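Engineer: Sharing a model that was predicted from the sequence below.
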Amino acid sequence: MLKSEPEQTVAFAALRAAAQSNARVVGFTHRHYKYPARFSPTFVSAAIEQFSRPGDLLLDPYMGGGTSVVEALAKGRHVVGCDINSLACFVTAAKVQELTRRETRALNQWATEVVPQISFRDKAVELIDVICEKRTKNLHLPHARTIKKFIGLALVSLRDLPTAKSKRLARCALLNVAQQALNGRKNLMTLSYFRARLTNTLLDMLEGNAELAAARNANEVPTDSTLIQDSSERLLEHEPFRSGKRVDLVVTSPPYPGVHVLYHRWQVDGRKETPAPYWIANCLDGEGSAYYNFGGRFQRDHDNYFAASLRTLHAIHSVMRKGATIIQMIAFSDPKTHLPRYLKNMEEAGFAELGPDDGKTKSVISRSVPWRSWHASIKGNTASSREVVLVHKAT
């Protein structure tokens, strides 16, 4: 908690600079997978440094690809990440796991010796158990057919890896490269390139996990992470909140009203959707896009979105200590209508808006959205191409 107005002024200036930075996503394990609408590590890092202290407990109730979780651990904070999407939990777990020497050696061997030998001509009896037609929908199309079989053969080869953690990281590498090969691509990625890319990607991932482990070990305070796959409406039902722990800082990016994001599908061959990410990650996916976006993209009033948002904000408030800060990055397809409604939700949930000098003057922090793959429900150059940063405290 900041103690003086000068401190708050400095903190908001740092937050504004970080929010408006166009730096690419780099460092630690942030490049393990390009999760839709992912956070900027630069922004998250600034928020953590300016609004919390080492040893504090941080929460991201819509953690997505786990950027907040990774940055919190690297900076000596305890952290809880929550997401309703099993794919988000898989990716984040792969990012934050620490590997033993045995696991690292096995993954190095798999990347450099096994992957280069996988051939489309290979036959494996286990393929019939690995390739599920429902979970690989639309991968029978010409653009994806060869990649599908190669992934299946690679998944079969994971049986030789020694632990669940090593298999998780190998799956994450497959997820990364398959996304590059299939999602929204017009040109086919050759198998030889896919194979080489998979080897290099996994080796890079091993370096990233080692870098994060070194950063955590360098902290004065040992830190831990808890990942929850559930709606943030039910935070109190999970540890550590069930035992009475309370959050010092929330850094998050909730779903955007009126902005449609494909959190659960890739698009192949003319934008045909496939649930292949869940096949590769071995996660369950049984919901449509409205489930992950707080409502359907074609709703006009977005009442479902704001009702769901209010429920989750109440739950978030219930696990925060009094005076704790919540920092959100969000965009609106209709800011004039949606922003006041969202701010009203914040007030009803028990939050007071903060500005550079503790609310006496408000200064909007906004930025253009770089390198993001989402589609507004209103086509064209929409207002939702700008994100705003909202800073509140729990009252």
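Structural biologist: Sure, I can see it.

Engineer: Give me the domain ranges for the chain.
Structural biologist: The record assigns the chain these domain ranges, following automatic domain parsing: 5-97+224-268+288-394, 101-213.

Engineer: Give me the below-cutoff pLDDT ranges for the stretch 251-395 of the chain.
Structural biologist: 286, 296-300, 356-364, 367-385 (pLDDT under 70).

Engineer: in it, which spans are helices?
Structural biologist: All helices of the stretch 251-395 of the chain, identified by DSSP state H, counting those that start in this stretch, fall at 276-281, 289-293, 303-318, 335-348.

Engineer: can you tell me which residues contact residue 158?
Structural biologist: 110, 167, 170-171 (C-beta atoms under 8 Å, 6 or more residues apart in numbering). C-beta: built from backbone N, CA, C; applies to glycine.

Engineer: got the residue ranges for the strands in the stretch 151-300 of the chain?
Structural biologist: 225-229, 247-252, 259-260, 266-268, 272-274 (DSSP state E, counting those that start in this stretch).

Engineer: returning to what we had before: JSON lines please, covering the domains of the chain and showing distance to residue 276.
Structural biologist: Below are these laid out as JSON lines (distance: least, C-beta to C-beta, whole Å):
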{"stretch": "domain 5-97+224-268+288-394", "distance to residue 276": "6"}
{"stretch": "domain 101-213", "distance to residue 276": "6"}
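
Engineer: Switch the helices of the stretch 251-395 of the chain over to a markdown table; also include mean neighbour count and distance to residue 8.
Structural biologist: Shown next, in a markdown table, are these (neighbours: other C-beta atoms under 10 Å; distance: least, C-beta to C-beta, whole Å):
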| stretch | mean neighbour count | distance to residue 8 |
| --- | --- | --- |
| helix 276-281 | 24 | 41 |
| helix 289-293 | 18 | 33 |
| helix 303-318 | 19 | 21 |
| helix 335-348 | 16 | 19 |
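
Engineer: Mind putting these into a markdown table with distance to residue 129?
Structural biologist: Converted to a markdown table, the helices of the stretch 251-395 of the chain look like this (distance: least, C-beta to C-beta, whole Å):
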| stretch | distance to residue 129 |
| --- | --- |
| helix 276-281 | 12 |
| helix 289-293 | 28 |
| helix 303-318 | 38 |
| helix 335-348 | 47 |
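
Engineer: closest one to residue 73 among the ones you listed?
Structural biologist: helix 303-318 (20.4 Å; C-beta to C-beta).

Engineer: Would you pull up how far that closest one lies from the middle of the chain?
Structural biologist: In terms of C-alpha atoms, centre = their mean, to the nearest Å, the centre of helix 303-318 is set 20 Å apart from its chain centre.

Engineer: same check, this time on stretch 331-346
Structural biologist: Centroid separation between stretch 331-346 and its chain, computed with C-alpha atoms, centre = their mean, is 23 Å.

Engineer: can you count the residues close to the closest residue to residue 143 other than its chain neighbours?
Structural biologist: Of all residues not flanking residue 143 in the chain, residue 269 sits nearest, at 4.3 Å (C-beta to C-beta, 6 or more residues apart in numbering). Per other C-beta atoms under 10 Å, the neighbour tally for residue 269 reads 18.

Engineer: can you check residue 128 too?
Structural biologist: Using other C-beta under 10 Å, residue 128 has 9 other residues around it.

Engineer: low pLDDT regions in the stretch 1-150 of the chain?
Structural biologist: 1-3.

Engineer: Could you pull out the strands in it for me?
Structural biologist: All strands of the stretch 1-150 of the chain, identified by DSSP E, counting those that start in this stretch, fall at 57-60, 78-83.

Engineer: counting contacts, what elements does the shortest one pack onto?
Structural biologist: Contact here means 3 or more C-beta pairs under 8 Å, 6 or more residues apart in numbering; DSSP states H and E; on that basis strand 57-60 packs against helix 67-74, strand 78-83, strand 247-252.

Engineer: who does it pair up with?
Structural biologist: Taking DSSP bridges as the criterion, strand 57-60 pairs within the sheet with strand 78-83 (parallel), strand 247-252 (parallel).

Engineer: For the residue lying closest to residue 11 once chain neighbours are set aside, grab the count of nearby residues.
Structural biologist: Using C-beta to C-beta, 6+ apart and skipping residues adjacent in sequence, the residue nearest residue 11 is residue 50, 3.8 Å away. Residue 50 has 20 neighbours, counted by other C-beta under 10 Å.

Engineer: OK, contacts around residue 50?
Structural biologist: Per C-beta under 8 Å, 6+ apart, neighbours of residue 50: 2, 10-11, 14-15.

Engineer: so of the helices and strands packed on strand 57-60, which one's packed in deepest?
Structural biologist: For the helices and strands packed on strand 57-60, average neighbour numbers computed from mean count of other C-beta atoms under 10 Å are highest in helix 67-74, which has a mean of 28.

Engineer: contacts for it?
Structural biologist: Taking C-beta under 8 Å, 6+ apart as the rule, helix 67-74 contacts 28-30, 38-41, 44-45, 48, 58, 60, 63, 78-79, 81, 92, 95-96, 212, 215-216, 223, 225, 227, 251-252.

Engineer: 7 Å - rerun?
Structural biologist: With C-beta atoms under 7 Å, 6 or more residues apart in numbering as the test, helix 67-74 has contacts from 28-30, 38-39, 41, 44-45, 48, 58, 60, 63, 79, 81, 92, 95-96, 212, 215-216, 223, 225, 251-252.

Engineer: Many thanks, we can stop here.
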